[in-house]
Every structure is written in structure tokens, then in C-alpha cells.
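Visitor: coords below, sequence missing:
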């Protein structure tokens, strides 16, 4: 796990609904690829402190995710809570039904995503990235390009989150994670088209290349073109 993404999703929950928000934070970490199948979650003590919830609440949330098939608990010296090797398949709610339920929320999320992620790409290109940050971007890009269809959304989410991470702004990383979760159910409701994925991968390469080259305008433009394509596809299937 990368520290900033880790911090972005395992941040303190708001008061009022600690159990529900703890479940949401843990699911966010899994669905956005911050923790991947086979990974061990942080220790119960550490996770409870970071989420600012009681260990009882955390255990209840982990139990709920265990029942849902996302994690498993192992005993012994090398025990802990691990992400299952085989994750549950995304719920396939009809796309148009989701669009009706969202109403104006779809356009709100798309506009917010565009503002956040184009800004993240530009900010990342403006920074002098460390070798570790550059390698992190390259690794996430390679994993997305080589992902199986069943895993593509998760690796795609992880790459976009990685771009926000290397912007240097933890707040931007958290906001990017939140808006991605708002859109993921919609993205899961539309088919994965081979031609579109090839094009997306080419666009990902252009975004990362511009960031690594230290070219903010090119990084922003490449990201804008990529997000516009995704938004156009969403609107077409949801119309």
C-alpha cells in the first residue's frame, strides 16, 4: 500500500453513523485497489485509531465484510484480516435505473471528477517526483494495461488514485477517492468494450508520460480528453 492512498481512505469517520462509515471506508479501500486481494489490512488497533472508531465498531464492520465475502480473518502468528483472493462480483443494477436514482447527481459527479482529476494531473506534472513516485505511477499504469476484464475497473481506479497521490495533496487524493466511489457503480453498470479499453489504455499512457515529462498543460489536456470520453460513454448508455 502507498502511504497517501492509505491515509486518504483510512481517515477518521464522521460522527453519527460510525458503523456504516467504517464499512464504507473499508469497502472503498478494497474497491479502489488500495488494498488488493491477498493483502492484509492494518492491525485492528491501528485501523481503529486511524478511523477514530472503537474496536467493537471496527470488529462489527469487518464481520459485515466477512459475511459479504470481501475479507477473511486468519489466526496465528501471521494472522489478521485479509482481502479475499476472489472478490464478490459487482452488483449489476440496470444503468438507466441508476441514472434515474441519481438524477442531477450524475452531472454533478462528472463535473466534480473533471475538476479534481485534471487538476491532479496538472499538479503532479508540476512537481519534481521522487523515484518512488515515478515507479508507483509506472507500476499502476502497467497493472491497468495488463488487467483482465474482471479486474479492470479496480486497477483503473487505482491508477487514477495514484495520479492524485503524486499531486502531493492528501485532500485532493481523498476527494478523488470519494468521487470515484460515487461513479463506480455506474461504471460497473455499463459494458466493458475492448475497443474503448484499448483507447483508455493509450490515454492513460499519454497522461502518465506527460506527468513524468513535467508537462502540466499536456497532462491536464490528456486527462481532460480521457475523462470526456468516459463521460460521453456513460451518458450514451444512460440516456
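Guide: Structure received. Nothing here was measured: the structure is a model prediction, and the numbers come from that model.
Visitor: Where does pLDDT dip in this protein?
Guide: Within the chain, the set of residues satisfying pLDDT under 70 comprises 1-4, 91-93, 95, 239.
Visitor: mind giving me the domain split of it?
Guide: Following automatic domain parsing, the chain resolves into domains at 18-83, 95-238.
Visitor: burial count for residue 20?
Guide: Neighbour count of residue 20, defined by other Cβ atoms under 10 Å: 12. Where you see a C-beta, it was placed from the backbone N, CA and C, and this is true even at glycine.
Visitor: List the buried residues of the host helix or strand of it.
Guide: Per DSSP states H and E: residue 20 is located in helix 18-31. Within helix 18-31, the residues scored as buried using 16 or more other Cβ atoms under 10 Å are 18-19, 21-31.
Visitor: now swap in stretch 88-106 and tell me
Guide: Buried-residue list, stretch 88-106, by 16+ other Cβ under 10 Å: 95, 98, 99, 102, 106.
Visitor: Could you export those residues as CSV, including secondary structure and distance to residue 67?
Guide: Listed next are the buried residues of stretch 88-106 as CSV, based on DSSP: H, G, I helix; E, B strand; the rest coil; distance: Cβ to Cβ, whole Å:
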residue, secondary structure, distance to residue 67
95, helix, 28
98, helix, 25
99, helix, 30
102, helix, 28
106, helix, 31
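Visitor: and residue 72, which of the three is it?
Guide: With DSSP: H, G, I helix; E, B strand; the rest coil as the basis, residue 72 sits in strand.
Visitor: Show me the beta-bridge partners of it.
Guide: Residue 72 has these beta-bridge partners by DSSP bridges: residue 82.
Visitor: show me what contacts the residue most central in space within the chain?
Guide: By Cα atoms, centre = their mean, the mean C-alpha position of the chain lies nearest to residue 32, the distance being 2.9 Å. Going by Cβ atoms under 8 Å, 6 or more residues apart in numbering, residue 32 touches 5, 9, 154, 157, 158, 161, 177, 180, 181.
Visitor: and for the host helix or strand of residue 188, what are the contacting residues?
Guide: Taking DSSP H and E as the definition, residue 188 sits inside helix 170-189. Helix 170-189 is contacted by residues 4-5, 7-9, 11, 28, 31-32, 90-95, 98-99, 102, 105-106, 109-110, 112-113, 116-117, 119-120, 123, 153, 157, 160-161, 164-165, 167, 230, 234, 237-238 when judged by Cβ under 8 Å, 6+ apart.
Visitor: first to last residue in stretch 209-225, what's the distance?
Guide: For stretch 209-225, the first-to-last residue distance is 15 Å (Cα to Cα, to the nearest Å).
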